[in-house]
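A.B. asks: Give me a model of this one.
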Amino acid sequence: MDGGGGGGSTSGEDGKQEKHLVLANKLFLLSQPDVDDLSKVAIRADVLSAVKSDDMAPLFESLAATGVLEPDAALLAEMRARIDDEIRKLDEKIADAEENLGESEVREAHLAKSLYFVRVGEKEKALEQLKVTEGKTVAIGQKMDLVFYTLQIGLFYMDFDLISKSIDKAKKLFEEGGDWERKNRLKVYEGLYCMATRNFKKATSLFLDSISTFTTYELFPYDTFIFYTVLTSIISLDRVSLKQKVVDAPEILAVIGKVPHLSEFLNSLYNCQYKSFFVAFSGLTEQIKLDRYLQPHFRYYMREVRTVVYSQFLESYKSVTMEAMASAFGVTVDFIDQELSRFIAAGKLHCKIDKVAGVLETNRPDERNAFYQSTIKQGDFLLNRIQKLSRVIDL
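C.D. replies: Presented below is the predicted three-dimensional model:
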């Protein structure tokens with residue numbers, strides 16, 4: 001699965017992932033111990049090639065300092081010289097536009113300088129120049145495009161504060177107008193931000209809203225988008241919603257087979273084929289672990305998925321033997337014992353283990369009864385307040 005972040009065109013109209021996002025993912029893979037050394041040699045060569053082709057001097061300097069790339073003073077000096085030369089030319093174009101041309105040409109000249117800073121990896125200068133460009137922009141759609149550039153910069157650097165502020169800014173712009181195509185694209189950006197900050201429920205809702213309108217190929221290919229949608233949905237939706245919105249969704253059915261293990265993962269969970277589910281789940285773990293947005297939440301996600309699947313199994317029983325459950329999942333009784341003990345202690349599963357009899361007894365909370373008790377308690381509290389208030393008024 002590809003992840004990423006960075007600069008270039010705001011939308012992937014040509015169906016291609018933005019090249020700085022590809023680079024960001026490769027840099028992430030270089031930092032992962034699970035990637036073998038032979039693969040890292042090829043990835044390192046790709047990174048150097050990308051850095052050189054875009055004259056990304058600041059990035060080259062930091063990668064050389066951390067030992068990711070070999071230091072090369074001559075190469076760095078060449079890149080810096082080309083950057084200085086290009087900026088001088090861009091400044092001349094801006095001056096010429098301001099003297100001889102109209103407002104739209106002035107804006108285009110400033111935008112070209114902004115995008116050049118994005119391209120060479122000058123984060124602060126790019127953000128500053130995008131603000132200058134915004135000051136010369138009138139149309140809401142064009143202002144939105146500047147926000148998308150900022151969001152790509154935020155994703156490249158995993159700057160969640162910048163991403164959050166940019167999403168809020170985009171929403172305010174949409175209050176003034178804006179087209180549906182850009183609104184739909186923003187949903188994917190926000191969904192990705194929510195997923196990367198562990199708000200899986202909101203990410204699911206935003207991703208599902210975008211399934212039939214997806215055009216944000218600059219972030220990732222459509223099959224990666226479906227991968228994220230299925231993964232977040234499984235731990236966020238109830239069984240009925242999962243069936244309606246994911247299992248039977250034609251857009252998902254058309255693509256799900258392209259992602260290894262994903263179809264088995266989803267369908268074996270829904271069809272209660274727990275042995276197959278665990279096999280598919282173990283097949284997906286590497287993809288989750290090597291995704292730059294999901295990797296920080298790897299352990300959390302693994303726990304949540306197991307909570308969902310164990311809860312679903314226990315839902316059908318008032319009591320069940322440990323042996324029957326172990327057999328259903330294709331694991332040992334000891335493994336199930338250890339797993340469930342942890343989840344019960346953490347309050348994730350509502351059951352208790354009778355170790356002597358080797359039986360699991362469920363004690364699902366009665367939601368209706370709990371709601372009734374809560375209503376009675378709140379009613380008593382309200383009556384007490386009214387009585388106190390009436391005494392004060394009587395005085």
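A.B. asks: C-alpha from now on. contacts and neighbour counts both.
C.D. replies: Will do.
A.B. asks: Can you report how many residues neighbour the residue nearest to Ile94 when sequence neighbours are not counted?
C.D. replies: Spatially, and ignoring its direct neighbours in sequence, Ile94 is nearest to Ala109 (5.2 Å; C-alpha to C-alpha, 6 or more residues apart in numbering). Here the number of neighbours of Ala109 (other C-alpha atoms under 10 Å) works out to 21.
A.B. asks: Surely Ala109 is within a helix?
C.D. replies: Yes - counting by DSSP: H, G, I helix; E, B strand; the rest coil, Ala109 is found in a helix.
A.B. asks: tell me which residues in the helix or strand of the chain with the lowest mean pLDDT are buried?
C.D. replies: Ranked by mean pLDDT, DSSP states H and E, the weakest helix or strand in the chain is helix 367-394, scoring a mean of 75. Judged by neighbour count using 16 or more other C-alpha atoms under 10 Å, helix 367-394 contains no buried positions.
A.B. asks: now stretch 297-312
C.D. replies: Those would be 297-298, 301, 305-312, for stretch 297-312 by 16+ other C-alpha under 10 Å.
A.B. asks: now, which of the residues you listed lie within strands?
C.D. replies: Among these, no member is found in strands (DSSP state E).
A.B. asks: any chance of the residues you listed in TSV, plus pLDDT and distance to Val147?
C.D. replies: Listed next are those as TSV, based on pLDDT from 0 to 100; distance: C-alpha to C-alpha, whole Å:
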residue	pLDDT	distance to Val147
His297	96	27
Phe298	96	30
Tyr301	95	30
Val305	94	35
Arg306	93	38
Thr307	93	38
Val308	94	37
Val309	93	40
Tyr310	93	43
Ser311	91	42
Gln312	92	42
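A.B. asks: any idea how far Ala249 lies from Phe227?
C.D. replies: 14 Å (C-alpha to C-alpha, to the nearest Å).
A.B. asks: Of those two, which one has the most company?
C.D. replies: More crowded of Ala249 and Phe227, by other C-alpha under 10 Å: Phe227, with 21 against 15.
A.B. asks: Correct me if wrong: the residue nearest to Ile94 contacts Lys89.
C.D. replies: No - using C-alpha atoms under 8 Å, Ala109 makes no contact with Lys89, being 10.5 Å away.
A.B. asks: re earlier: and the residue nearest to Ile94, what is it in contact with?
C.D. replies: Ala109 makes contacts with 90, 93-94, 97, as judged by C-alpha atoms under 8 Å, 6 or more residues apart in numbering.
A.B. asks: Same question for Ala112.
C.D. replies: Counting by C-alpha under 8 Å, 6+ apart, Ala112 touches Leu90.
A.B. asks: what kind of secondary structure is it in?
C.D. replies: With three-state DSSP as the criterion, Ala112 reads helix.
A.B. asks: ok, now the one 5 residues further on?
C.D. replies: For Phe117, the secondary structure call by three-state DSSP comes out as helix.
A.B. asks: which residue packs closest to it, ignoring adjacent ones?
C.D. replies: Residue nearest to Phe117 in three dimensions, not counting chain neighbours: Ala126, with 4.8 Å by C-alpha to C-alpha, 6+ apart.
A.B. asks: Spatially nearest residue to Leu162, not counting backbone neighbours?
C.D. replies: Per C-alpha to C-alpha, 6+ apart, closest to Leu162 is Gly154, 5.7 Å.
A.B. asks: my guess is that neighbour contacts Ile163, does it?
C.D. replies: Yes - counting by C-alpha under 8 Å, Ile163 is a contact partner of Gly154 at 5.4 Å.
A.B. asks: what's Gly330 sitting at in phi/psi?
C.D. replies: Main-chain dihedrals, Gly330, degrees, to the nearest 10: phi 70, psi 30.
A.B. asks: If you tally nearby residues, what's the number for the nearest residue to it once chain neighbours are set aside?
C.D. replies: The shortest distance from Gly330 to any non-neighbouring residue, by C-alpha to C-alpha, 6+ apart, is to Lys275 (5.2 Å). Counted with other C-alpha under 10 Å, the neighbours of Lys275 add up to 17.
A.B. asks: returning to what we had before: in helices, which of the contacts of Ala109 fall?
C.D. replies: 90, 93-94, 97 (DSSP state H).
A.B. asks: just those residues now: which is nearest Leu382?
C.D. replies: Distance ranking of those against Leu382, using C-alpha to C-alpha, places Ile94 first at 68.1 Å.
A.B. asks: Surely that closest one is in contact with Val106?
C.D. replies: Yes - using C-alpha under 8 Å, Ile94 is in contact with Val106, at 6.2 Å.
A.B. asks: and whichever strand or helix holds Ser276, what does it pack onto?
C.D. replies: Secondary structure from DSSP states H and E places Ser276 in helix 274-289. Under the contact criterion of 3 or more C-alpha pairs under 8 Å, 6 or more residues apart in numbering; DSSP states H and E, helix 274-289 touches helix 262-270, helix 298-315, helix 322-329.
A.B. asks: Can I get those helices in CSV including distance to Asp209?
C.D. replies: Formatted as CSV, those follow (distance: least, C-alpha to C-alpha, whole Å):
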stretch, distance to Asp209
helix 262-270, 19
helix 298-315, 22
helix 322-329, 33
